[in-house]
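> quick one, what's the 3D model for this:
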Amino acid sequence: MDYKKDVKEIIAFIKCGCPDESDRNYHDCLARFTCVTEDDYLNSRAVHIISEINNSKELEDAFSRLAFSCNNQIIPCKACTVRKYCNHYINNRRKETSETSPKMIDLFCGAGGLSLGFTQEGFITALANDIEECCIDTYSHNHPETPRSHIVKGDIQQITDNLEKLVEGIDIDIIVGGPPCQGFSMANRQRLIDDPRNHLYKSFVETVRRVSPAFFVMENVKGMISVAPQVKEDFEAIGYEVNYEVLNAKDFGVPQNRERLIYIGNRIGVDNREVFGEIHHYSETIPDYYLKDAIFGLRELEASRVKNATEKGSDTSGYLIERNLNNVTNEYIDMINSGRNISVVCNHKARYNNDRDIEIFGRLEQGDRSDDPKIADIMPYARRNDIFKDKYYKLEMDKVSKTITAHMKFDCNMYIHPTQARGLTPREAARIQSYPDDYFFRGSYTKTYMQIGNSVPPLLGRAIARAIKKYLTEALS
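Alright, predicted model coming up:
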C-alpha cells in the first residue's frame, strides 16, 4: 500500500468535499483519522498517514486540527466524503455485518463489481482473491467491510492450500467468480478440467467442492457456451445441480450491450430454472437506460496534450479526484449511487491523444466508424478498412454503449465520446458499467481501464444476488 499516495488522496477528498476550511465539517473530516481501532492494518495505516505529515507543508496544515474527536452526528458516515479512509466508518461497517448475513467467497474478484452487486443485496464477502495488485488495492479500498487479511493477492492455489485457515469459523453460503479458461476452444480434444491450461478453472471447482456452499455462481465469456455441458458435468460430479444461461447486462439497467455466460449451481434442492426465472422477472421491472443516462452531468473535458503524464491532471483534461461541481442527477445516476449525493468525482480524467486522432474524433459523427469517408484522407489504416472497421468508433448518445473491454487500456479509439473530441474517461466507462461515483479505481491510469473493462457490472450482479438470496433464505429458514 502506498501510504504517501493515500495521504494525498485523502486531502484531495477533503478539499473537494469541504471547500471551506473554516467549516466545522472540514475539521470533523480530519478528526476521523485519529479514531482508535483494534485492527492492526488500520492502525498501521493511520500511523503511516500521520507520519507523512512531516514531508509536506500542505498536509501538515491540513492535519493540524487532528485533536478534534470524531462526531458522526455532524457528518453522518453515509454522507462523509472520506469515509472509506476512516477507521471509525470501517469499524462500524464491519460491526454492521450481521452474523445472519449470508457470507460469500469471491474468486478472481477483479475490481469487485460482482461483489458490490451482492453486497448491495446484503451479502458479506468473507474472502476475496485476485492475482493483480491493482485489483486488490481497489477491492480493499471499496469493500471496507472485508478485513484486508481476507483479500488475498496471488494464485487461487494459495486459497485452496489455506482454505481451512482463511474461512475458519465462517459458514460460507455462496462462492462466486469467473475463472479464465485458456483452453476451452480445444475442449473437444481434451476435457476442459483435464487441460493443464485450465488449472484456474479446476481450482475453482476444487474450492467449491471443499467449501461446499449452498450455491455457487460462475460467470464467463459467451463463447464458452460450447463447453458449458462439460462444466455442468464437472459440478454435478461434486454434488451440485447446475443450469446456465447467457444474460445481457442491458436487460438489467446497464446501458451497455454485454453478454455473459452465467452458471448457477446449488446443493440444497432448489430448481435453478426458477432462480433464472426470478432473475428474468426482475429484469422486466427495470427501465432501459442509454449512454446519455450514464454520462449525464459529468463535466466536459479535452484530451490531454502531454505525453507520458498520466499521473498529472489539469483543469482541461481532468484530475484523478475532483469536486463535483455539477450537482445534477437523473434516474440512472440515482440508482447506481443508491440515492446518495456524492460530492466528488473520481477517475474522470481524459487520456493523451495526438493531433491526428483528435482531428478524426472531431470529424466523425455519432455512429461513424473507421471506414467513414469523412476521415478517409487521414485514416491511418485506410488500406485495411475491411479489418479495422471499428478501429475508430464514435458512440451514440441514444443507444446502449458497445461492450466496455479491457482493450481500453491501450487506447479509447473504439470508444469515442459522442459529443467531445476524446475517448471515454475511466469514470465514464465505470458509469456505463454501473459502478457508483465514489467507487475509486486505484493503480496506474491504464490499469484503471483494465479493471473496469474486466468487471461484472454491479447491477447485473445485484439481480443475480437478489434472486439467489430469496431462494437461499427460503431453503434455510
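
> distance of residue 344 from residue 454?
In this structure, residue 344 lies at 24 Å from residue 454, with C-beta to C-beta, to the nearest Å as the measure. To be clear about C-beta, it is placed using only N, CA and C from the backbone, and glycine gets the same treatment.

> for residue 175, that is, sorry about that
As it turns out, when the distance is counted by C-beta to C-beta, residue 175 lies 19 Å from residue 454.

> repeat for residue 441
12 Å.

> who has more neighbours out of the two?
Neighbour tally, residue 441 and residue 454, criterion other C-beta atoms under 10 Å: the higher count belongs to residue 441, 28 against 20.

> before we move on, the earlier item: identify the contacts common to residue 441 and residue 454.
Counting by C-beta atoms under 8 Å, 6 or more residues apart in numbering, the contacts common to residue 441 and residue 454 are residue 111.

> show me what contacts the residue lying closest to residue 428 once chain neighbours are set aside?
Leaving out its chain neighbours, the residue that sits closest to residue 428 by C-beta to C-beta, 6 or more residues apart in numbering is residue 295, at 5.1 Å. Residue 295 sits next to 417, 428, 431, 432 when contact means C-beta under 8 Å, 6+ apart.

> let's see if you can find the most crowded of those residues.
For the contacts of residue 295, the largest neighbour count, defined by other C-beta under 10 Å, is 30 neighbours, found at residue 431.

> pull up the per-residue confidence for that one.
The per-residue pLDDT reported for residue 431 equals 98.

> swap in residue 390?
The confidence metric pLDDT takes the value 70 at residue 390.

> wait, is it part of a helix?
No. When DSSP: H, G, I helix; E, B strand; the rest coil is applied, residue 390 is found to be coil, with no helix at that position.

> hang on, it packs against residue 368?
No. Counting by C-beta atoms under 8 Å, residue 368 is not a contact partner of residue 390; they are 10.7 Å apart.

> for those two, indicate the residue with more neighbours.
Neighbour comparison, residue 390 and residue 368: the larger count goes to residue 368, with 18 against 12 (by other C-beta under 10 Å).

> the more buried one touches residue 391, doesn't it?
No. No contact is recorded between residue 368 and residue 391 when judged using C-beta under 8 Å, the distance being 11.9 Å.

> now for those two: what residues contact both?
The overlap between the contact sets of residue 368 and residue 391 (C-beta under 8 Å, 6+ apart) is empty.

> quick revisit: and of the contacts of residue 295, the nearest to residue 318?
Proximity of these to residue 318, judged by C-beta to C-beta, is greatest for residue 428, which lies at 10.5 Å.

> what's the helix or strand for residue 348?
Counting by DSSP states H and E, the element that carries residue 348 is strand 344-349.

> CA atoms only for that strand, dumped as PDB, please.
Coordinates of each C-alpha in strand 344-349 appear next as PDB, following Å, rounded to 0.1, in the frame of the first residue of the first chain:
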ATOM      1  CA  VAL A 344     -16.600  14.100  -5.600                       C
ATOM      2  CA  VAL A 345     -15.800  12.700  -9.000                       C
ATOM      3  CA  CYS A 346     -13.100  10.000  -9.200                       C
ATOM      4  CA  ASN A 347     -11.100   8.900 -12.200                       C
ATOM      5  CA  HIS A 348     -12.700  11.400 -14.600                       C
ATOM      6  CA  LYS A 349      -9.600  12.200 -16.500                       C
END
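
> need the residues that contact that strand.
13, 16-17, 81, 298-299, 301, 304, 313, 317-324, 425-428, 430, 437-441, 445, 448.

> same check, this time on stretch 142-150
Against stretch 142-150 from outside (C-beta under 8 Å, 6+ apart): 39, 41, 84, 89-90, 93-94, 96-97, 111-112, 115-116, 119, 124-128, 139-140, 151, 166, 439-440.

> and residue 451, how close does it get to residue 193?
28 Å.

> ok, now which ones touch the closest residue to residue 139 other than its chain neighbours?
Counting by C-beta to C-beta, 6+ apart, the nearest residue to residue 139 once its immediate chain neighbours are dropped is residue 112, at 4.4 Å. If you count contacts by C-beta under 8 Å, 6+ apart, residue 112 has them with 106, 128, 135, 138, 139, 142, 143, 455.

> now those residues in JSON lines, with neighbour count, distance to residue 287 and pLDDT?
Conversion of the contacts of residue 112 to JSON lines gives the following (neighbours: other C-beta atoms under 10 Å; distance: C-beta to C-beta, whole Å; pLDDT from 0 to 100):
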{"residue": "106", "neighbour count": "32", "distance to residue 287": "28", "pLDDT": "97"}
{"residue": "128", "neighbour count": "27", "distance to residue 287": "31", "pLDDT": "96"}
{"residue": "135", "neighbour count": "27", "distance to residue 287": "31", "pLDDT": "96"}
{"residue": "138", "neighbour count": "25", "distance to residue 287": "29", "pLDDT": "94"}
{"residue": "139", "neighbour count": "28", "distance to residue 287": "30", "pLDDT": "96"}
{"residue": "142", "neighbour count": "22", "distance to residue 287": "26", "pLDDT": "93"}
{"residue": "143", "neighbour count": "22", "distance to residue 287": "28", "pLDDT": "93"}
{"residue": "455", "neighbour count": "28", "distance to residue 287": "22", "pLDDT": "96"}
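
> any idea which of those is closest to residue 159?
Minimum separation from residue 159 among those (C-beta to C-beta) is found for residue 128, which lies at 9.6 Å.

> surely the closest one is in a helix?
No. Counting by three-state DSSP, one finds residue 128 to be strand, located in no helix.

> quick one: contacts for it?
Each residue near residue 128 by C-beta under 8 Å, 6+ apart is listed here: 105, 106, 107, 109, 112, 115, 139, 143, 146, 150, 151, 152.

> tell me which residues in stretch 279-288 are buried?
For stretch 279-288, burial by neighbour count (16 or more other C-beta atoms under 10 Å) applies to 279, 282, 283.

> surely the last one and residue 463 touch.
Spelled out, that is residue 283. Yes. Using C-beta under 8 Å, residue 283 is in contact with residue 463, at 6.5 Å.

> find residues that contact each of these two.
With C-beta under 8 Å, 6+ apart, residue 283 and residue 463 have common neighbours residue 252.

> contact partners for residue 441?
111, 138, 346, 347, 426, 430, 448, 451, 452.

> narrow those residues to those in helices?
Counting by DSSP state H, the members of the contacts of residue 441 that fall within helices are 138, 426, 430, 448, 451, 452.

> now the residues you listed: which count as buried?
In terms of neighbour count (16+ other C-beta under 10 Å), the buried residues within those are 138, 426, 430, 448, 451, 452.

> what strands flank the helix or strand hosting residue 242, and is each parallel or antiparallel?
Residue 242 belongs to strand 241-248 when assigned by DSSP H and E. Strand 241-248 sits in its sheet next to strand 259-266 (antiparallel), going by DSSP bridges.
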